[in-house]
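> Build the 3D model from these lines:
(chains A and B)
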Amino acid sequence: MKGMLQIFQQAVPAKGLSSRNNFVPREETLLEIAADGQVRGFCGHVDLGTGIATSLAQIMAEELDAEPAQVQMVLGHTDQTPDQGATIASESIQVTARPLRRAAAQARLILLQRAAELTKLRVDELDIRNGRISTADGSVDLGFSDLVSGLSVRCELDAKTPVKPVSRYRLVGQDLPRVDIPDKVTGRAVYVHDVRVPDMVHGRVIRPPYGGYDHGPFVGRTLLSVDRQSVAGMPGLLDIVVLGDFVGVVAEREEQAAAIAAALHLTWAPVALPNLSDPLEALKANPYTERVVLDRGDAQAALPELSQRLDREYFWPYQMHGSIGPSCSVAHWQEGKLKVWSGTQNPHMLQADLALLMGLEPTCVSVIRHEAAGCYGRNCADDVGGDAALLSRAVGRPVRVQLSREQEHVWEPKGAAQLVSIRGGLDEAGQPLAYDLHTSYPSNVSPLLALVLTGAVPAAVPQVAQMGDRTSVPPYAYQNARITVRDMPPMARASWFRGVSALPNSFAHDSYIDELAAAAGVDPLEYRLRYLPDERAATLLKATAAKADWQPRVTLPQPDARARVLAGRGLAYAQYVHGTFPGVPAAWAAWVADVEVDRLTGVVTVTRAVVGQDAGLMINPAGVRHQLHGNVVQSISRALKEQVTFDTEGVESREWGGYPIITFPEVPWIDSVLVNQPEQPPLGAGESTSVPSAAAIANALYAATGVRFRDAPFTPEKVKARLDEALGPLQPPVPTALAALATFGQPASPAAKQRNWKTILRAGGLAGLFAVVGGGLSSLLPWRVAIAPVPPPVPGMFSQSVIDRGAQVAAAGDCAVCHTVPGGIENAGGFGLKTPFGTIYTTNLTPDPETGLGHWSYTAFARAMREGVSRDGHHLYPAFPYTSFARINDTDMQALYAYLMSQQPVRQEVPSSRLTFPYNIRAFMAGWNTLFHSSAPFTPDLARSALWNRGAYLAEGAGHCSGCHTPRNALGAERWRSAYLAGGEAEGWNAPALSNLSVSPLPWSEQDLYAYLRTGFSPNHGPAGGPMAPVVHAMQALPDEDVQAIAHYIASFDTRQPTEPVLARRQAVLAAAATQQALDAGEGARIYNTACAACHEGEGAHLYGARPQLALNSNVWAKTPDNVVNVLLNGAPDPAHGSANTMPAYRDLLSDRQIVEVVSYLRRTMAPGEKPWPNLPERVAALRALAHP
Amino acid sequence: MVASVFLNVNGRRHEVVASPATPLLNILRNDLGLNGPKFGCGLGACGACTVLLDGQAARSCSVRLDTAARCANIVTLEGLSADGKDPVQLAFVKAQAAQCGYCLNGMVMTLRAFLDAVPNPDERGLREALKYNFCRCGTHMEILCAAKIAAGLKPETDLT
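Alright, predicted model coming up:
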């Protein structure tokens, strides 16, 4: 059965922020009832996780007298919903719900008339309840489907249709569970991130180097060249799209697109960004035009009359939405039409922007809105739609683009920094005589990024958005007041963010009146009430204060300068006024905040927040309370923790470590006071409660400490510094140092005795030395004879058991580690080893006749392995550890040969090595060998066990541990005699000492070494990282007893022992670190706790993976920071341990400054008592400058 | 460098062909079409991508495919219960513990693993267990309330 009832309205052009020149007259459907009785409501606003899908359905169900479940909301789909502008300023219930309510009322009347027709009764004999039409006597019982079937009604909204009086509400005002939560909690909800379209491929964008700026002469014109060859042949590549400064790549798979985007080499012109390292100074220097929005009395004239003058400045930093999910969109371009699935806040604005970007009529662009990660204003949700559209047009397929965390952090339009200055003060009676406020707010509300990157919209001169005026007029009846808004262009990319300018404006208003009350010696509650003419405001403030049991306070704070914890209470009040000035007031809100300040760390904790709100009629009180909680928690986070930092490359806060937000242990329980005003119109709820937050907290801080904080956020280092200055520093407890490890017994010596130049000197004197170094004069041969080529091996030449044994020798020797390029074919060579003497490229070990070992006889192979001489007679460099391989016995050597010669031949030329003088003269190596090399076979130390000698054979021979872990002399030879395993270098990393010189806080026991080598992770030390990770990978082919033997052997060089049991020592090390961590809350601590601690902190049974406890890691105890910095820069993409998380590379995510902060923190807290690393900033810069080690 | 790998996800065996270095999250979402785990940071910091690897909470953005293949059981939000009736899921519905809900997967999965390992925690333990799961909407109170319900503790009054 067919049938339809629809109510529509004529579209009107959007106003204000949402307006675009794209108005098309059309009929906009508001409500539709289908033949099956399903009601659908259409709203141009979207649900940003605030629950409006539930409340709007509730409102419509109320007017229709339907069940809420009968009403389904369609939100933000441009083809289906009215254009009601951006979903901003808490307007959905207050403004956009109105036509829906009336449409529902009108539909109800139509249904009743239809029922009257069908039943031949009068309308007043019929009633609708819970979606059923009935008579009092029960003779009629019809559903919506009975009425709509066969009906075809489409009528225009009648503005005169009466709506229900509040007294008859049955649904509105009741708690209603959210309609979306059951699907969200099971994974059934389809967020925009989950949209999958047939034939969809994946795109990634690469943003320009002006990170977080969308205006200026460089925008859209900085890209110099694109090296397409740099990604040629990468798997999955479909296209590279370049339009001005817009660059994107498309690939079949998401990770392929990410890899291509990372590898694509682009050249950009240098860009000089404005200096925003000090946003306050930048704000003061930013040009502006003044707009006086209130001029009451004569503030100028009153200023000289004041008996107490208080001139104050309040500063608010740049902050970010910080959506948990980076923005995502899917676009499909097809035959001149564009469909975009989007998480936008502003579907119709986006439609217009996309039409402009693509050169289409707006009617050719459909925006289909899905839920997305919460945003609290304009984030990158729209931008990514433009990105996806451009990429889809290029490849002609649907393209999904999700931004990276870094891109979202850097490019989301920020909540603008703001400066509010107030001149004023008190007369002799303590009355506030003058209030002269200037507020500066730099924003252009952020054009769609693709529009400015492609040059479709010029970006040289930004627009100026007049948004600094929200709640700029104070709620207090100052006799002489002038409010001046300084409208100014953006500095960094900025747009609206929760509370817009109202939160910073209120921070100023309500901090200032608190200062006035203190100066007047009046209780801050009473002082506010004296000057608060709005009765609903006063009622709310009193109710909130009563709930908190506010005690009047007339004396100044008297903090105990010796107490570690100071506590205090503050209050604040505000009404959020949104929209174009004079704006529309939303709900009233009041706060009483209790704070505690830890003097030693400077950490401020909000211990309790009592927050009141008067939002008029509450549609869904549960939803209002929910929004109140959300806003309170988020605004505490903003006031205490949040500020975007900038450096010369733009936004420096590029991941969560650089922009920490509140965590569960920091959240107070919140008492809400919801004033019930059912007869009053519903007002925007939730957001308004964020507005008084910062002032309440700052006022509580003052009450606790006597110090005023007028610049958010109230970070630990800021608070600590100011309190130390005001109250004198408080000494932290002196940490008790860990007892040093004692050594027991004599550490072992290697079995083999390496040749040493001193021996030669003793034997031949200086002349001998000169002779051998001179080479040509000596009897040594600078060029040895070539060994004749042999035919390449044929299959079946070696027995499988010999090959298998050879595979184990190769594993012990980690051949593939150096002879394979990352991602390349095993043992095909070409890996560049960086040495102090230049880069040495490893050779091709596969039996390819032309480029590998194909023509090598066993004799030639064994000579190379033992004497460092290539088949053709030229000398090899000891980066190839023939100095160790000489110990390999014949059986193993033959097996290794058999294994290598049985591999699949791979033709691969490797680059020739380039070394500095004298190493560039290969003949020089003849003399070097005389000095430093002994090709004597391995001889066991008979005083040691068989296990030890097996370990020695493997470690000193094939395993060549000393190649990295023993320091080298000036000529690059290992110092076996004096410093065996005393620590060396490998590929830009420190290879830590394995002897008693180890700095690890726990000794390296045999069990530790075995776990480390076998699994890649020792719970007492940490993971095998850097160049050691591939060594452990390679050793997986080694039998257990050989790994055991190596562990046994190496452990004999570390005879350190704790005085207590190892487990107790381990606990003591971790406890010492925890003590220091608890006293350290600066920026380094925040980066560690936010970016690192999720994997590195704690060892909970419920958490997956090896969890490296950094206090146990020798690298934080080491003399240099190199390994810590290296692993931060480069990450651990392929961990040795079989159940470990990868570690991300922070090279592009943390600045040098941030790395210095977090590395210093690790050193301070995890290695207590150790000296700070010297010249850390220089070292970080130097290690970054090195190519990927 | 693609390889064929078998994964046991939500009680079913799947063969996937991808590079061994591919983040498990991409495989779950793009190859298996699962929506529960979400990409939040790709850095293991926020927890939105949490899944259970052999019962433990793991950040699937930071677990390689070859690592995941060693696990006997991988469970996502979809696989927690046949009908959405895992006690943790029910507690989240009861406490209405979502605003946008993007972080919800991580909250539910982390709590599931935590309560399996620590069946009788106190509130402080619950807060610590969720410390490294970020929520931006400020739903912490409702989530803690859900956690308390799931842990058999009495929830706070402001929420009931």
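
> Skip the chain neighbours and tell me the closest residue to the residue nearest in space to the middle of chain B.
Compute the mean C-alpha point of chain B, and by C-alpha atoms, centre = their mean the closest residue is B:Met109, 2.7 Å away. Using C-beta to C-beta, 6 or more residues apart in numbering or on different chains and skipping the chain neighbours, the partner closest in space to B:Met109 is B:Thr50 (4.2 Å). Yep, even glycine has a C-beta here, placed from its N, CA and C like the rest.

> For that neighbour, give me phi and psi.
Backbone torsions of B:Thr50, given as degrees, to the nearest 10, read phi -60, psi 130.

> Same question for A:Cys380.
phi -90, psi 10.

> Repeat that for A:Cys43.
When read as degrees, to the nearest 10, the backbone of A:Cys43 gives phi -130, psi 140.

> so what's it bridging to?
A:Leu75 (DSSP bridges).

> mind checking how far it is from chain B?
From A:Cys43 across to chain B, the span is 18 Å (C-beta to the nearest C-beta, to the nearest Å).

> does the residue nearest to A:Gln463 when sequence neighbours are not counted count as helix, strand or coil?
Excluding the flanking residues, the one nearest A:Gln463 by C-beta to C-beta, 6+ apart is A:Asn444, at 4.4 Å. Put simply, A:Asn444 is coil when judged by DSSP: H, G, I helix; E, B strand; the rest coil.

> List the residues that contact A:Asn444.
A:214-215, A:462-465, A:489-490, A:494-495 (C-beta atoms under 8 Å, 6 or more residues apart in numbering or on different chains).

> what about stretch A:1084-1097, start to end distance?
Using C-alpha to C-alpha, to the nearest Å, the gap from the first to the last residue of stretch A:1084-1097 comes to 15 Å.

> Check whether it comes near chain B.
Yes. Applying C-beta under 8 Å from any C-beta of the partner chain, one finds stretch A:1084-1097 touching chain B at A:1090-1091, A:1093-1095, A:1097.

> Among these, which are located in helices?
Using DSSP state H, A:1093-1095 are the members of the residues of stretch A:1084-1097 next to chain B that sit in helices.

> I'd like the residues you listed laid out as a markdown table, including distance to A:Pro729.
Below are these laid out as a markdown table (distance: C-beta to C-beta, whole Å):
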| residue | distance to A:Pro729 |
| --- | --- |
| A:Ala1093 | 28 |
| A:Ala1094 | 33 |
| A:Cys1095 | 35 |
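
> Highest neighbour count among the residues you listed?
When these are compared by neighbour count (other C-beta atoms under 10 Å in any protein chain shown), A:Ala1094 ends up highest, at 25 neighbours.

> Name the helix or strand for the residue lying closest to that one once chain neighbours are set aside, please.
Distance criterion C-beta to C-beta, 6+ apart; nearest residue to A:Ala1094, sequence neighbours excluded, is B:Tyr132 at 3.7 Å. Counting by DSSP states H and E, no helix or strand carries B:Tyr132.

> check contacts around B:Tyr132.
A:663, A:1093-1094, A:1097, B:45, B:47.

> helix or strand for residue 97, which one?
In the absence of a named chain, this looks at chain A. Using DSSP H and E, A:Ala97 sits within helix A:97-119.

> What of A:Thr1075?
With DSSP H and E as the criterion, the answer for A:Thr1075 is helix A:1062-1078.

> Walk me through the domains of chain A.
Using automatic domain parsing, the domains assigned to chain A come out as A:4-184, A:192-273+A:327-402, A:498-727, A:1061-1185.

> Rebuild those as CSV, extending it with mean pLDDT.
Formatted as CSV, those follow (pLDDT from 0 to 100):
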stretch, mean pLDDT
domain A:4-184, 93
domain A:192-273+A:327-402, 97
domain A:498-727, 97
domain A:1061-1185, 96
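
> Tabulate these (a markdown table), appending distance to A:Asn844.
Formatted as a markdown table, the domains of chain A follow (distance: least, C-beta to C-beta, whole Å):
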| stretch | distance to A:Asn844 |
| --- | --- |
| domain A:4-184 | 55 |
| domain A:192-273+A:327-402 | 21 |
| domain A:498-727 | 40 |
| domain A:1061-1185 | 23 |
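
> How is chain B divided into domains?
Taken from automatic domain parsing, chain B resolves into B:3-79, B:87-155.

> Highest mean neighbour count out of those?
Ranked by mean neighbour count, the domains of chain B are led by domain B:87-155 with a mean of 23 (mean count of other C-beta atoms under 10 Å in any protein chain shown).

> how distant is that one from the center of its chain?
11 Å (C-alpha atoms, centre = their mean, to the nearest Å).

> Show the average pLDDT along that domain.
Averaged over domain B:87-155, pLDDT sits at 97.

> how long is it end to end?
Using C-alpha to C-alpha, one end of domain B:87-155 lies 15 Å from the other.

> sorry, back to before: ok, which of the domains of chain A comes nearest A:Pro937?
Nearest to A:Pro937 among those is domain A:1061-1185 (31.4 Å), distances taken as C-beta to C-beta.

> Need the three-state assignment for the residue nearest to A:Gly143 when sequence neighbours are not counted.
Closest residue in space to A:Gly143, ignoring its immediate chain neighbours: A:Gly37 at 5.3 Å, by C-beta to C-beta, 6+ apart. Put simply, A:Gly37 is coil when judged by three-state DSSP.

> need the contact list for A:Gly37.
Residues counted as contacts of A:Gly37 (C-beta under 8 Å, 6+ apart) are A:70, A:131, A:143-146, A:148.
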